[in-house]
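Undergrad: Provided below are the primary sequence and the corresponding predicted coordinates.
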Amino acid sequence: MYHLEIANNQEKWTTFLGEQTETASFLQAWGWGESRPTEEILRLQIINDQQEIVLVCLLFWEKILKIKSRYLYAPFGPVWKESLTVKEKQNILNCLFSNLPKISKEKPAFIIFDSNLINSEENQKIFKGCAPTPLRLQVGASFIIPIDEEEEEILAKMHSKTRYNLRLAEKKGVEILWDDQGTHFDEWFKIMGSTAKRNKIRLLSKNHYKKLLDKKILRLILAKFDQKIIAGNLVSLVPPTAVYVHGGLDYQYHNLMSPFLLQWHSILEAKKSGCLNFDFWGVNHQGQHPQWEGITRFKLGFNTEKNSFAYLPSQVKIFNKKIYYYNLFLHYLRQIKKFVLTR
């Protein structure tokens, strides 16, 4: 038997996530929920008869345009205990669906799970009772490498050109600094804006990133040359998997190869923080994002023994069909508008 409850113990939540070395995400970390007001988040956990946590799920309440109803959204969640069978995970998810009305004051119109499970037939079975949905916010594919090895081993698995470029950046005098006080945040965000436009990457608001940095949920690592900030990465160093969230480069300094050195120092800091893996985030997997081809080659160069992979399509559990399809209609309208404006 399983029991659904509101989670109220940050230490137990964090410990559980740390044990799920393949599937835990910083987007399900306790601290990520602090990026929103308390009334806009829901932290759920399911325990078994032995009082062991078998699932955690951080959900956000999201508004729907022009109506009062809201839906719940789980970024890279839920996270199950990895040793469970597919059938056990199905039963646990059903426990969440059947018991949610008992503990939530508001009934969601639907729940969207932007899962970070690898797309496979076995994982598709877990979401029995749900349906695929195009309403995805997170990246659909990624590239993750192990970093629980000696530095020499990590370097040896890189493409020779990657090793050459990070050493070249050092020789040319590129300096690396961690800006935990946000001293150079404005400089970085300006660089990030031009990079996002160049590579067709979607950014959130400046205040959103500033808040995440102020709360120490994310960290900013910068490259400096001749007393000028020329590049910087936004990273999560939450164990077990560090994540390269965003990276910006002042393109007039691209010959200095600073992004290679930034990634290497991010990996080294992730190791110090107890991370076992390093996630390079979105990639052009099987040609789905051709505009990311250049940045994908850059990322794949950090480990020639690993391949990129696709995540399971986002899943939706619908409680109110009319509201779900109304929201889906709005989504397609936004896509059409975006297409017309970018012609």
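TA: All right, it came through fine.

Undergrad: which neighbours in the sheet does the helix or strand harbouring residue 72 have, and how are they oriented?
TA: Following DSSP states H and E, one finds residue 72 within strand 67-75. Applying DSSP bridges to the sheet, strand 67-75 is found paired with strand 53-64 (antiparallel), strand 110-114 (parallel).

Undergrad: so residue 327 makes contact with residue 66?
TA: No: counting by C-beta atoms under 8 Å, residue 66 is not a contact partner of residue 327; they are 10.6 Å apart. C-betas here are computed from N, CA, C, even on glycine.

Undergrad: give me the more crowded residue out of those two.
TA: residue 327 (22 against 7; other C-beta atoms under 10 Å).

Undergrad: SS state for that one?
TA: Secondary structure state of residue 327, per DSSP: H, G, I helix; E, B strand; the rest coil, is helix.

Undergrad: burial of the closest residue to residue 24 other than its chain neighbours, as a residue count?
TA: Residue nearest to residue 24 in three dimensions, not counting chain neighbours: residue 17, with 4.2 Å by C-beta to C-beta, 6 or more residues apart in numbering. Neighbourhood size, residue 17 [other C-beta under 10 Å]: 24.

Undergrad: what are the phi and psi angles of residue 17?
TA: phi -60, psi -40 (degrees, to the nearest 10).

Undergrad: ok, now how distant is it from residue 267?
TA: As defined by C-beta to C-beta, to the nearest Å, residue 17 lies at a distance of 21 Å from residue 267.

Undergrad: now residue 231
TA: 16 Å.

Undergrad: more neighbours: which of these two?
TA: residue 231 (29 against 20).

Undergrad: quickly list what that one is bridged to.
TA: Bridge pairing for residue 231 - DSSP bridges - gives residue 223, residue 249.

Undergrad: dump the strands paired with strand 67-75 to JSON lines, plus mean neighbour count, distance to residue 279 and mean pLDDT.
TA: As requested, these are exported to JSON lines (neighbours: other C-beta atoms under 10 Å; distance: least, C-beta to C-beta, whole Å; pLDDT from 0 to 100):
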{"stretch": "strand 53-64", "mean neighbour count": "20", "distance to residue 279": "18", "mean pLDDT": "97"}
{"stretch": "strand 110-114", "mean neighbour count": "24", "distance to residue 279": "15", "mean pLDDT": "97"}
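
Undergrad: how about the strands in the stretch 151-300 of the chain?
TA: 175-178, 219-225, 228-236, 241-249, 277-279 (DSSP state E, counting those that start in this stretch).

Undergrad: among those, which is nearest residue 8?
TA: Across these, residue 8 has its closest neighbour in strand 228-236 (23.5 Å, C-beta to C-beta).

Undergrad: so what secondary structure elements neighbour the closest one?
TA: Contacts defined by 3 or more C-beta pairs under 8 Å, 6 or more residues apart in numbering; DSSP states H and E place strand 228-236 against helix 185-199, strand 219-225, strand 241-249, helix 258-272.

Undergrad: want to throw those into CSV with distance to residue 77 and mean pLDDT?
TA: Below are these laid out as CSV (distance: least, C-beta to C-beta, whole Å; pLDDT from 0 to 100):
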stretch, distance to residue 77, mean pLDDT
helix 185-199, 26, 90
strand 219-225, 22, 97
strand 241-249, 14, 95
helix 258-272, 22, 98
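
Undergrad: the ones you listed: which one's closest to residue 133?
TA: strand 241-249 (23.5 Å).

Undergrad: packing partners for that closest one?
TA: Short answer (3+ C-beta pairs under 8 Å, 6+ apart): strand 241-249 packs on helix 185-199, strand 228-236, helix 258-272, strand 277-279.

Undergrad: ranking the ones you listed by burial, who's on top?
TA: strand 228-236 (a mean of 24; mean count of other C-beta atoms under 10 Å).

Undergrad: please consider this matter closed, and thank you.
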